[in-house]
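J.: starting from these lines, generate the structure:
(2 chains)
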Amino acid sequence: MTDPKHDTSMELRDDRDVVIARTFNAPARLVYDAWTKPEFVRRWWAPRSHGVSLVVCDADIRVGGAYRYVMRKDGDGADGDIGFSGRYVELTPHSRIVLTQIFEPMADAGEVVITVSFDEVDGQTHLVSQERYPSKEARDAAVGAGMEQGMRESMDQLEALVVALK
Amino acid sequence: MIETFAALAEPNRLRIVELLRAGPRAVNDIGERLALQQPQVSKHLRVLKEAGLVEVRPRAQHRLYELRAAPLRELDLWLDRYRSLWAQRFDALDELLTELNTTEHRDD
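T.: Next up is the predicted model:
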């Protein structure tokens, strides 16, 4: 028996926060591991439909430890790499993670503080990720970058369609 | 887009926008329903108008303020792109978890 997939919700809260939530059909222990351990992060963090993959995925999973994820667009060289890095501030196994994150191409924009909570009820885990940006401008720019990425994707699809119709 | 965000960031302006979703209203009507002074309402409406979020529609002896859908749709689209990035990540995470769950039960 397979449980249906759940929806992903997202909202902008106050001036500086983005809150993303989703329920998974798995115990908190597994979701927590999949969220943190590099061998698992490699499998989900770079969205395949965006044509990107993770070329670096290092994590020293302990309080004060550093992590770094680097995405590369398929077919691109290393000069287009997009890195995300930071440190773990809190690691409460199977329950809560607080980490900092710097978007390397815009390192000047400052650190995002991400708080991820895992709440298990009846074998399902409700995950809430709260991203707190250093300023409202930084938050709106980050959300905007998501759109830009999405638009590029749509353009690629359009291009593929046009080629197919030729 | 930043303008839309800035205009909506003020709680009373957001309340005005939410009220106008039900239909166009006059300044005094908005003030009464939200318990705001008329000059305050006018000031907020001016900001919303400058951000393109509302427009004025003269009707009989009233000036009615009406919501414009375009910037809100744009905002919605913008947010949806970011949400979709996470939805895709989470779909992949979901698949991974199903696999981990199965592996674990097989090992039992």
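J.: now the residue nearest the centre of chain B: how far from residue B:103?
T.: Nearest to the mean C-alpha position of chain B, counting by C-alpha atoms, centre = their mean, stands residue B:72 at 6.0 Å. Using C-beta to C-beta, to the nearest Å, we find residue B:72 at a distance of 46 Å from residue B:103. Placement of C-beta: from N, CA and C, glycine included.
J.: spell out, range by range, the strands that occur in chain A.
T.: A:9-13, A:17-24, A:52-59, A:66-73, A:82-92, A:96-103, A:112-121, A:124-132 (DSSP state E).
J.: give the other helices and strands that the shortest one contacts.
T.: So the one you mean is strand A:9-13. Judged by 3 or more C-beta pairs under 8 Å, 6 or more residues apart in numbering or on different chains; DSSP states H and E, strand A:9-13 is in contact with strand A:17-24, helix B:69-107.
J.: who does the first one pair up with?
T.: If I follow you right, that is strand A:17-24. Next to strand A:17-24 in the sheet, as set by DSSP bridges, lie strand A:9-13 (antiparallel), strand A:124-132 (antiparallel).
J.: pLDDT below threshold where in the chain?
T.: Unless you meant another one, I'm taking chain A. For chain A, the stretches flagged by pLDDT under 70 are A:1-3, A:144-166.
J.: the intended chain is chain B.
T.: B:1-2, B:5, B:78, B:107-108.
J.: how about the residues of it near chain A?
T.: Where chain B comes near chain A, counting by C-beta under 8 Å from any C-beta of the partner chain, the residues are B:1-2, B:5, B:9, B:77-98, B:100-101, B:104.
J.: just the buried residues of the residues you listed.
T.: Neighbour-count burial (16 or more other C-beta atoms under 10 Å in any protein chain shown) is assigned, among the residues of chain B next to chain A, to B:5, B:78-79, B:81-94, B:96-98, B:100-101.
J.: any buried residues in stretch A:68-81, and which?
T.: The neighbour-count check on stretch A:68-81 (16+ other C-beta under 10 Å) flags A:69, A:70, A:71, A:72 as buried.
J.: do the same with stretch A:89-109
T.: Using 16+ other C-beta under 10 Å as the test for burial, stretch A:89-109 gives A:91, A:97, A:98, A:99, A:100, A:101, A:102, A:103, A:109.
J.: in TSV, list the buried residues of stretch A:68-81 along with distance to chain B.
T.: Output for these, formatted as TSV (distance: C-beta to the nearest C-beta, whole Å):
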residue	distance to chain B
A:69	12
A:70	16
A:71	11
A:72	16
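J.: circling back to that earlier point, among the strands of chain A, which is nearest residue B:60?
T.: For residue B:60, the closest of the strands of chain A is strand A:9-13, at 38.2 Å, according to C-beta to C-beta.
J.: which residues sit against the closest one?
T.: A:18, A:19, A:20, A:21, A:22, A:130, A:139, A:143, B:79, B:82, B:83, B:86 (C-beta atoms under 8 Å, 6 or more residues apart in numbering or on different chains).
J.: pull the CA atoms of it into PDB?
T.: Taking Å, rounded to 0.1, in the frame of the first residue of the first chain, the C-alpha atoms of strand A:9-13 are listed here in PDB:
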ATOM      1  CA  SER A   9       3.200  24.700   1.100                       C
ATOM      2  CA  MET A  10       5.100  27.900   1.100                       C
ATOM      3  CA  GLU A  11       4.400  31.300   2.700                       C
ATOM      4  CA  LEU A  12       6.100  34.600   3.200                       C
ATOM      5  CA  ARG A  13       5.900  35.400   6.900                       C
END
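J.: would you mark the buried spots in it?
T.: Under the neighbour-count criterion of 16+ other C-beta under 10 Å, strand A:9-13 has A:10, A:12 buried.
J.: in JSON lines: the strands of chain A, plus distance to residue B:59.
T.: Compiled in JSON lines, the strands of chain A are given as follows (distance: least, C-beta to C-beta, whole Å):
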{"stretch": "strand A:9-13", "distance to residue B:59": "34"}
{"stretch": "strand A:17-24", "distance to residue B:59": "39"}
{"stretch": "strand A:52-59", "distance to residue B:59": "52"}
{"stretch": "strand A:66-73", "distance to residue B:59": "53"}
{"stretch": "strand A:82-92", "distance to residue B:59": "52"}
{"stretch": "strand A:96-103", "distance to residue B:59": "48"}
{"stretch": "strand A:112-121", "distance to residue B:59": "47"}
{"stretch": "strand A:124-132", "distance to residue B:59": "44"}
